[in-house]
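1. this one's sequence-less:
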């Protein structure tokens, strides 16, 4: 096949295209891995700066005798500013009461990576690629509530379960979980600080009453039972708007029925929808 006007033959063009495709197959994945590693490193460094700022704040508050979970976590905007960080906290900051050491927190980096600091993890700062850390925290929080109910039921004099005590137990043992940015993204509550509260279903006669979670702005109490978000069976449901709907209105039948089926019906009646 002859060249025309100094151009390439069809065979030569095919060879060039094949070479380009082979190079792309080799180089593009390597480039993507490099970019991914660079993003991860930047997010981890960012979280490290936030950790240092949080540690300084905790130590300062402890020296003043004012270190509490609420005061430290109310200081999170200041901590981010001190760290010159463009991301946001996804959870509350957990710390050791005795020496103010920071134990754990979740952080959403400026480049939208979920970063976890956990003193018990190796490495302590890592990228939560699949959201497994958030799921683990949710499952552990539900298990904590279930274990508390089990212990309460060992009391032979107990005639009913107190949901207020269930929440108090969570507050006093690590605090209520913060709703993550991804859990409330696209909801009417996206710009509010929300906290998960445990809520058992069923009665004291059940061996293992199931536990769901509801979220509102209170970090220390039941918050009037307002359920801006509800977590059940691994799914998050949002209230239709910013008006406060009380989960206390659920189970108002006579006699009241507290189970998953009646909850699903109540969610539908109140126009809750699943968060995607």
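-> In hand now; what should we look at? Being a predicted model, the structure only gives us computed values, none of them experimental.
2. just to be sure, residue 15 is in a strand?
-> No. Per DSSP: H, G, I helix; E, B strand; the rest coil, residue 15 lies outside any strand segment and is helix.
3. check the gap between it and residue 9 for me.
-> Residue 15 sits at a distance of 9 Å from residue 9 (criterion: Cβ to Cβ, to the nearest Å). C-betas here are computed from N, CA, C, even on glycine.
4. and residue 38, helix, strand or coil?
-> Residue 38 - assigned by three-state DSSP - is helix.
5. how about the contacts made by it?
-> Neighbour list for residue 38: empty [criterion: Cβ atoms under 8 Å, 6 or more residues apart in numbering].
6. what about the host helix or strand of residue 53, average pLDDT?
-> Taking DSSP states H and E as the definition, residue 53 sits inside helix 10-64. Across helix 10-64, the average pLDDT comes to 81.
7. and after it, which helix or strand comes next?
-> Following helix 10-64 in sequence order, the next helix or strand is helix 69-74 (DSSP H and E).
8. buried sites along that following helix?
-> By 16 or more other Cβ atoms under 10 Å, the buried positions in helix 69-74 come out as 69, 72, 73.
9. tell me which stretches of the stretch 51-200 of the chain form helices.
-> 69-74, 76-82, 132-152, 163-172, 181-184 (DSSP state H, counting those that start in this stretch).
10. return the most buried member of those.
-> Ranked by mean neighbour count, the helices of the stretch 51-200 of the chain are led by helix 181-184 with a mean of 19 (mean count of other Cβ atoms under 10 Å).
11. below-threshold pLDDT in the chain: ranges please.
-> 1-8, 24-36, 130-132, 202-208, 242, 251-258, 276 (pLDDT under 70).
12. name the nearest residue to the residue positioned nearest the centre of it, ignoring sequence neighbours.
-> Note on the chain: the residue nearest the mean C-alpha position is residue 180, at 3.6 Å, using Cα atoms, centre = their mean. Of all residues not flanking residue 180 in the chain, residue 90 sits nearest, at 4.3 Å (Cβ to Cβ, 6 or more residues apart in numbering).
13. let me see the backbone angles for that neighbour.
-> Backbone torsions for residue 90, taken as degrees, to the nearest 10, come to phi -100, psi -20.
14. these two touch, right, it and residue 185?
-> No. Applying Cβ atoms under 8 Å, one finds residue 90 not in contact with residue 185, separated by 11.2 Å.
15. neighbour-wise, which of the two wins?
-> Neighbours per residue (other Cβ atoms under 10 Å) separate residue 90 from residue 185, with residue 90 holding more: 22 against 10.
16. contact partners for the more buried one?
-> Shown in contact with residue 90 (Cβ under 8 Å, 6+ apart): 105, 106, 107, 108, 114, 134, 178, 180, 181, 182.
17. which non-adjacent residue is nearest the fifth one?
-> Read it as residue 114. Among residues not flanking residue 114 along the chain, residue 128 sits closest, at 4.2 Å (Cβ to Cβ, 6+ apart).
18. residue contacts, the one you found?
-> Residue 128 makes contacts with 106, 114, 115, 116, 134, as judged by Cβ under 8 Å, 6+ apart.
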